[in-house]
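Student: sequence plus predicted model, see below.
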Amino acid sequence: MQEKQVFFTLTALIVGDDAHLRTRLRALLQTLAVGKIFEAEDPAAAAAAIREYRPDFVFCDLMMAPTGGIAFVKALRLSDDSPNPYVPIIMVVGHPDRPTIEAIRDCGVTEILTQPFTARNTAIRISEIVERPRDFVRCQSYFGPDRRRRRDATYGGPLRRKDDFRSDWITA
């Protein structure tokens, strides 16, 4: 299977304080033939692991103590001493609702994996990172992968939203 050949070259880091979740993710990644898999129980250990192992992607538990997954991602993306602000991050979420999903998206996460996760939906998230990497965007309120997934091949301008035009942009 070609997916396994591609995944065999990858290094993953699993971050979270829940040992059971880390064990399940590790077993799943082994099933998908991910080459190297490392674990970290907290943000400090995760930063050290990112520096040492240079993972191709990170799985992060939303409910991680003491700071939570969103705070971890924000620190990783925005801190001056971040070991890798560009590393793709897959946030693992137990019970997603719309405000939670939006908060996760807005903190700079690359992909979201909801529980209960399967080998198939995990492989899809990893494949998205490997096969369709997204450019990073930095603005006043956000730094992370471009949240827009659809590309319009016929559009050639700089603005992509209907409300991108504002009347205060008109100068005399």
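Tutor: Good, I have the coordinates. Numbers count the residues shown, from 1 in each chain.

Student: ok, then the element right after the worst-scoring helix or strand of the chain on mean pLDDT?
Tutor: Within the chain, no helix or strand scores below helix 2-8, which has a mean of 66 by mean pLDDT, DSSP states H and E. Later in the chain than helix 2-8, the nearest helix or strand by DSSP states H and E is strand 11-15.

Student: can you give me the buried ones in the helix or strand just after that next one?
Tutor: Moving toward the C-terminus from strand 11-15, the next helix or strand (DSSP H and E) is helix 19-31. By neighbour count on 16 or more other C-beta atoms under 10 Å, the buried set for helix 19-31 is 21-22, 24-26, 28-29. C-beta coordinates here come from the backbone N, C-alpha and C atoms, glycine included.

Student: who touches helix 19-31?
Tutor: 12, 14, 16, 37, 39, 41, 59, 61, 92, 117, 119, 122 (C-beta atoms under 8 Å, 6 or more residues apart in numbering).

Student: report the separation between the fifth one and R138.
Tutor: Spelled out, that is E39. For E39, the distance to R138 equals 30 Å [C-beta to C-beta, to the nearest Å].

Student: helices along this protein, start to end?
Tutor: Remark: helices assigned in the chain by DSSP state H are 2-8, 19-31, 43-53, 69-78, 98-107, 119-131.

Student: so who does the one residue sitting closest to the centre of the chain touch?
Tutor: Nearest to the mean C-alpha position of the chain, by C-alpha atoms, centre = their mean, lies I89 at 2.2 Å. Going by C-beta under 8 Å, 6+ apart, I89 touches 57-60, 73, 76, 108-111.
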